[in-house]
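Trainee: Structure for this input, please:
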Amino acid sequence: MDTETVAVAFEALINYFFFYNLDYENFLDGLKLLLTAKREQVLVATGSENRDISSLDRYLNWVRHRLNVDGVDVFFIEYVSPDDDMNQVRAILDELHSQKEKGLIRYVGVTTHNRSIALEIIERGQCDVLMHRYNMAHRKAEEDVLPSAQKANIPLVAFTCTRWGSLLKGHPNWHFEPPTAADCYRYVLSHPAVHLALTAPKTRQQLAQNLSVLHASPLSPQETAHWQEYGDLIYGTGQDAFDTQWV
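Mentor: All right, here's what the predicted structure looks like:
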């Protein structure tokens, strides 16, 4: 992705920009330039998998320095999983809320693939924003996580909307065209609990294709059923890989 792509996305009405770390030089250069003129119109989101509080604080300061901003809009503790010490996670969330009080963070976020953990976090009101896996194949969140987040008024950011690209590849038992990336985002955004769907285009052409979802009509019941049937094929038995084992 070239530096100017961030501005292209912003002009197309994208105002939420998320990055996992500071390795994406072109992206960060473009974002910094945009923030210089449009800071109040842009949401800067990042986070860390690190469970060491001092390391999280250092990373937050690095981000602020790299982008020349006073604070970030959303900071996520990332990939909270059953392997985590939840007391440690709660301590980190307390630290992030402390940073929020100082004005260094605007909203405290949590990302998780695990539905039980997501539900606990929602129930405890431990985050302002939840990022959770949701796509045509991974739909069990529709039963509990999505309605719970909606009821608690916690905005939900959907990620892995194309299921790491596997939804785009088709299936031997599927006799229709597979979905485009835009179809995947359109499906995810059709749920009222979902406020944002992350997209990671590698080229300007992919960005333009993905942005087409912003001008698409809502899914019809027939389209929804069509893509759910396809998603079931892609999901398979749910026992064959990391991304299906983490329910």
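Trainee: For the residue most central in space within the chain, which residues are in contact?
Mentor: With distances taken as CA atoms, centre = their mean, Phe159 lies nearest the centre of the chain, 3.9 Å away. Contact analysis of Phe159 by CB atoms under 8 Å, 6 or more residues apart in numbering lists 111, 131-134, 197-198. C-betas here are computed from N, CA, C, even on glycine.
Trainee: And the helices in the chain?
Mentor: 5-11, 25-38, 53-67, 86-101, 115-124, 145-151, 181-189, 204-211, 221-235, 242-245 (DSSP state H).
Trainee: Quickly list what the residue nearest to the centre of the chain is bridged to.
Mentor: Under DSSP bridges, the beta-bridge partners of Phe159 are Arg133.
Trainee: measure His132 to Val63 for me?
Mentor: Applying CB to CB, to the nearest Å, the value for His132 to Val63 is 23 Å.
Trainee: Between those two, tell me which one has more neighbours.
Mentor: Applying other CB atoms under 10 Å to His132 and Val63 shows that His132 carries more neighbours, namely 26 against 22.
Trainee: Touching, the more buried one and Thr111? I think so.
Mentor: Yes - with contact defined as CB atoms under 8 Å, His132 and Thr111 form a contacting pair (7.3 Å).
Trainee: how far away is the nearest residue to Thr3 once chain neighbours are set aside from Phe10?
Mentor: The shortest distance from Thr3 to any residue that is not its chain neighbour, by CB to CB, 6 or more residues apart in numbering, is 4.2 Å, and that residue is Gly30. Using CB to CB, one obtains 9 Å as the distance from Gly30 to Phe10.
Trainee: who has more neighbours, these two?
Mentor: Gly30 (22 against 18).
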